[in-house]
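Participant: task: produce atomic coordinates for the following.
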Amino acid sequence: MNQQDQDMFLTHAKTPSFLFKMRATQNYLRKMKKEGEIWSISFSGGKDSLVLFHLARQCIFPFYVWHFDWGRNLMPQCYEDQLKNTLQLYNIPIAYQIYDLNTLTDPTDESYFYQSIKNHITNHKINVCCIGLRKEESCRRKFRLQHGLERSYGALNIFPLKNWTWKDIWAYICLYQIPYPKSYDERADIMGWSKLRFVTFFDESYISLGQNDQDNFFNWESKYL
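Facilitator: Presented below is the predicted three-dimensional model:
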């Protein structure tokens, strides 16, 4: 990230609206965590999950981390290693789950994805799943996040970042100097920081979610109305 963009986000990090939103999210997480509950953080390695992970470490530690390894068909090894290294930087004492799809015939089959979520929740007796979805990302997500509580395989799903904006996310990352995938920098000048989204490579299923394949190498999602 160049210095001009970083200064812009750090300026936003000083605004009353951002500070209120950050503190409100921290208080929400602390109040939600009940004694004896087992929590899991959904971690893709993208900007939203990085912020959620950092907030969770401040407010609800310990917890499990759930990460889905799409395999080399959809995510080059260098990027997957970068995601795992980010987790290891924080020296989490609890083992996190990696679901490797390298050996599957069809790594885009969504049934494997949802089965891995079910296995994670049931095997570790997860009570609450913390997910970094935001209303701003798409109409589909806005509709989903407006409709109260949600459960997956018996676990409560919560969305602490649902009212955060893209500028809030980057302001938080800059404020706490959180390491993020450098692939964001590679497309910032093309797409703009407001529209960048870290997703899997070569996955046609993202087209139905509003995904634009910019160069047939790395997929970036343009926000749609």
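Participant: give me the residues contacting the lengthiest helix in the chain.
Facilitator: In the chain, assigned by DSSP state H, the helix with the most residues is helix 16-32. Helix 16-32 is contacted from outside by 12-13, 55-56, 58-60, 128, 130, 158, 160-161, 163-164, 168, 171-172, using CB atoms under 8 Å, 6 or more residues apart in numbering. (C-beta placed from N, C-alpha, C; glycine too.)
Participant: immediately after it, which helix or strand?
Facilitator: Counting by DSSP states H and E, the element after helix 16-32 in chain order, helix or strand, is strand 39-42.
Participant: neighbouring strands for that next one, and are they parallel or not?
Facilitator: strand 64-69 (parallel), strand 128-130 (parallel) (DSSP bridges).
Participant: and those, which one averages the lowest pLDDT?
Facilitator: Ranked by mean pLDDT, the strands paired with strand 39-42 bottom out at strand 64-69, with a mean of 78.
Participant: hey, C-alpha coordinates of that one in PDB?
Facilitator: Included here for strand 64-69 are C-alpha records, laid out as PDB according to Å, rounded to 0.1, in the frame of the first residue of the first chain:
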ATOM      1  CA  TYR A  64     -10.700 -22.400  17.100                       C
ATOM      2  CA  VAL A  65      -9.900 -21.100  13.600                       C
ATOM      3  CA  TRP A  66     -11.700 -22.700  10.600                       C
ATOM      4  CA  HIS A  67      -9.900 -22.300   7.300                       C
ATOM      5  CA  PHE A  68     -10.800 -24.100   4.100                       C
ATOM      6  CA  ASP A  69      -7.900 -25.000   1.900                       C
END
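Participant: could you point out which element follows that strand?
Facilitator: Taking DSSP H and E, what comes next after strand 64-69 is helix 77-89.
Participant: what packs against that following helix?
Facilitator: Counting contacts by 3 or more CB pairs under 8 Å, 6 or more residues apart in numbering; DSSP states H and E, helix 77-89 packs against strand 64-69.
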